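Engineer: Here's a sequence, model it:
(chains A and B)
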There are 2 protein chains.
Amino acid sequence: MKKVALIGVGQSKFGNFPEKSIKDLFRDAYAEAVDGVEKGIELRDIKETFIGSLGSGGGQLGLVAASLISDVGLAGIPTVRIEGACASSGFALRCAVQAVTSGTCDIALAGGIEKMNETSREQGRYWLGISGETEWERLAGTTFPGVYALMANRHMHEYGTTEEQLALVAVKNHRNGSKNPKAHLQFETTLEKVLKSPVIAAPLKLFDCCPTTDGASVAIVCDADKAKKYTDTPVYVIGFGAGSDHLALFERDSYTTVRAAVIAATQAYKMAHLDPKDIDFAEVHDCFTIAELMAYEDLGFCKKGEAGKVMEEGITEKDGEKPVNVSGGLKSKGHPIGATGVAQIYDIFKQLRGEAEKPSRQLHHVEIGLAHNVGGSGGVATVHILSI
Amino acid sequence: MKKVALIGVGQSKFGNFPEKSIKDLFRDAYAEAVDGVEKGIELRDIKETFIGSLGSGGGQLGLVAASLISDVGLAGIPTVRIEGACASSGFALRCAVQAVTSGTCDIALAGGIEKMNETSREQGRYWLGISGETEWERLAGTTFPGVYALMANRHMHEYGTTEEQLALVAVKNHRNGSKNPKAHLQFETTLEKVLKSPVIAAPLKLFDCCPTTDGASVAIVCDADKAKKYTDTPVYVIGFGAGSDHLALFERDSYTTVRAAVIAATQAYKMAHLDPKDIDFAEVHDCFTIAELMAYEDLGFCKKGEAGKVMEEGITEKDGEKPVNVSGGLKSKGHPIGATGVAQIYDIFKQLRGEAEKPSRQLHHVEIGLAHNVGGSGGVATVHILSI
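Structural biologist: Numbers count the residues shown, from 1 in each chain, chains lettered A, B, ... in the order given. Purely as a prediction, here's the structure:
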């Protein structure tokens, strides 16, 4: 298979931006990605685009991809919206990688966009609910915090995971996010504050949940053989995988494993000829704190049931053995649904090139990073492994 | 580039099915596609799926792809929804072709789904409106018949195209669709009836517009080198292309050309090493009668401005020199948004293999067919060229 590399990435500031349109946000991410290609890239070099979005906002749902790319001067080239719920831009990246490896083009753009805050609370709940199972979960009143609460309760029951261990995920990710100038919630929190925050769906409290965020992200995918024409330091996609599962929890083999992510990771490791221990750092899909703990296990960073202990031991802290969510993760950086997958890629790209904005954010001696992006409550997932 | 072939196709009956869910419709199309692979295909042979849908219906919008494939037993494999408005499954096919040519997998499934009728009239209008330009068209009150009426008026003004020539498209496509057991509107009409039908947006009348349809479609894409393992008569994808344009008409170079389709066709012809004259027959995107006439010109079947004459001369009739929309087209077969692109492929596959259900539908001595699928009012388009 043809090898591919990333030659530029961009991310808008994440947050609540009532004054910005989806075009404004996308333009910010696009401009950073294009301007960041050191040796320059011409508009005409970009031959195809894939834009991840669930509901996009701004009233432009159908053809949102064409709307966004025509605004930045790319009208003419193939473009399509990719929807895999919260993994929409993980899949957009996958499609862009496939487009380049297929030989259809040398350079494709993957992006993601979501405006969550402009929707009413009712629309927001609808948006999120529609990515869960409809007949047996959503119509019965289950929301996403409820579904992840079921997973958390089962994990606590089976493995003795504690509410404190869950809370430590939030404390870590807020500590990291407080140093990320693009994060939505740029503040630290404490174990006590997390544990005393209002219960949303027991055992999950407000601080176990990611915020409602607006944002956009872009990554430029290039045939690896041609990447040096654009940059001296391309970041290679050395493994990628994706999987799916039944939407309803009761149809799945387990409440405590996201099978879609296990399948995705297995494929990605195999393609990269790597084991979990070879991964230097990762961005994982912590829509709820329990999701990050399950990710450790699904990705093989630890044995089943031991994620809580990994968290307690500080292994995934920024200065730990295997840093996870140094960006702040969905929890602190924010989770603009369609933008999240490529935003994870943004941070891994920056870390691998030693370009994390503030010196205190930069990891040292990292060569291999992994991105883990989950759609819905685990209905789909993508994993990408990047290397300098 | 690796070559790809289609080894099976399926289409649900098109129509108004309040009693059927999107899963029911998809299951029908999927079963026909899989059962039609003569030498058999195992579930585990299908490695990835791409499902085209704009709004899908049935309450399952996010992760509709995972929902549909888990219902037919495919849970586990990568799956994603592809949205390019009315060209959603044209793009789903494109992504499946890219997945196979990339070497990610040997077999990928492209499908499409839409339930239009269960939405309220208001929702329906919203759905369609959101695929046009938002700020300057939709919010100003323009609907799709209005946008296509602008194109029709301009075409009449510039080239002398007449309302009778538009009406002849409807008469032809209804004649063809009346013989298609899967068509939504299985009845013939007359020039007089079309011309006397109620005006929707002058000069377009009711019979110039396609109906509101529920349906699903599936095509199984295979590495051409491995296709003979599954069937003795694979249908090869010998060319494919896609393009985009500004969403708003006023931003485009011309009201009478769908530039996205011209770009798509140019790429597809180039890849197939063919000229428009080499195409034996085509399925084109006749959401409105004017769209079919513009397609003749955009695809190079005739010179700019001569499509009305082509129609009058019967060149695109079933027994003409270059039959177009023998299936009945969107006009009579129906237009379940997300399902349309792959449904066009369904008919071309059947014709190329001599399997059009009723003898009177079958074309003779055809070897090369073209599918032309347009999203929105021309914001995006795909073209695929198939050959036996």
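
Engineer: so what's the residue nearest to the spatial centre of chain A up against?
Structural biologist: The geometric centre of chain A, computed from its C-alpha atoms, lies nearest to A:G341 (Cα atoms, centre = their mean), at 3.2 Å. A:G341 makes contacts with A:52, A:87-93, A:112, A:217, A:371, A:373, A:382, as judged by Cβ atoms under 8 Å, 6 or more residues apart in numbering or on different chains. Just so you know, the C-beta spots here come from the backbone N, C-alpha and C atoms, and that holds for glycine as well.

Engineer: Among the residues you listed, name the ones in helices.
Structural biologist: Using DSSP state H to define helices, the subset of the contacts of A:G341 located there is A:S88, A:S89, A:G90, A:F91, A:A92, A:L93.

Engineer: out of these, which one sits closest to chain B?
Structural biologist: A:F91 (4.4 Å; Cβ to the nearest Cβ).

Engineer: Now for the closest one, how many residues are close by?
Structural biologist: Each residue near A:F91 was counted by other Cβ atoms under 10 Å in any protein chain shown, and the total is 33.

Engineer: quick one on the thing from earlier: now narrow the ones in helices among the contacts of A:G341 to whatever sits close to chain B.
Structural biologist: The residues of the ones in helices among the contacts of A:G341 that also fall near chain B, by Cβ under 8 Å from any Cβ of the partner chain, are A:F91.

Engineer: would you list the ones in helices among the contacts of A:G341 in TSV and tack on distance to B:C302 and pLDDT?
Structural biologist: Putting the ones in helices among the contacts of A:G341 into TSV (distance: Cβ to Cβ, whole Å; pLDDT from 0 to 100) gives the following:
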residue	distance to B:C302	pLDDT
A:S88	41	97
A:S89	42	98
A:G90	44	98
A:F91	40	98
A:A92	38	98
A:L93	41	98
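
Engineer: Which of the ones in helices among the contacts of A:G341 sits closest to B:N117?
Structural biologist: Within the ones in helices among the contacts of A:G341, the smallest distance to B:N117 is 27.3 Å, found for A:S88 (Cβ to Cβ).

Engineer: Let me see the contact set for the closest one.
Structural biologist: When contacts are counted by Cβ under 8 Å, 6+ apart, A:S88 is found next to A:G52, A:S53, A:L54, A:I82, A:G112, A:I337, A:G338, A:G341, A:G375.

Engineer: tell me the least confident of these?
Structural biologist: Looking at the contacts of A:S88 by pLDDT, the weakest one is A:L54, with 89.

Engineer: Helix or strand: which one has that one?
Structural biologist: When secondary structure is defined by DSSP states H and E, A:L54 falls outside every helix and strand.

Engineer: how deep is the closest residue to it other than its chain neighbours tucked in, by neighbour count?
Structural biologist: Spatial nearest neighbour of A:L54, chain neighbours left out: A:I337 (4.5 Å); criterion: Cβ to Cβ, 6 or more residues apart in numbering or on different chains. The burial count assigned to A:I337 is 34, neighbours taken as other Cβ under 10 Å.

Engineer: wait, doesn't A:I337 sit right on A:A85?
Structural biologist: Yes - A:I337 is within contact range of A:A85, at 6.9 Å (criterion: Cβ atoms under 8 Å).

Engineer: for chain A, which spans come out with low pLDDT?
Structural biologist: Applying pLDDT under 70 to the predicted model, the residue ranges of chain A that meet it are A:56-60, A:119-130.

Engineer: phi, psi of the residue of the stretch 251-388 of chain A found nearest chain B?
Structural biologist: With Cβ to the nearest Cβ as the measure, the residue in the stretch 251-388 of chain A that lies nearest chain B is A:G379; the distance is 4.1 Å. Summarising the backbone geometry of A:G379 under the convention degrees, to the nearest 10, its torsions are phi -60, psi -30.

Engineer: ok, so what distance separates it from A:G243?
Structural biologist: 10 Å (Cβ to Cβ, to the nearest Å).
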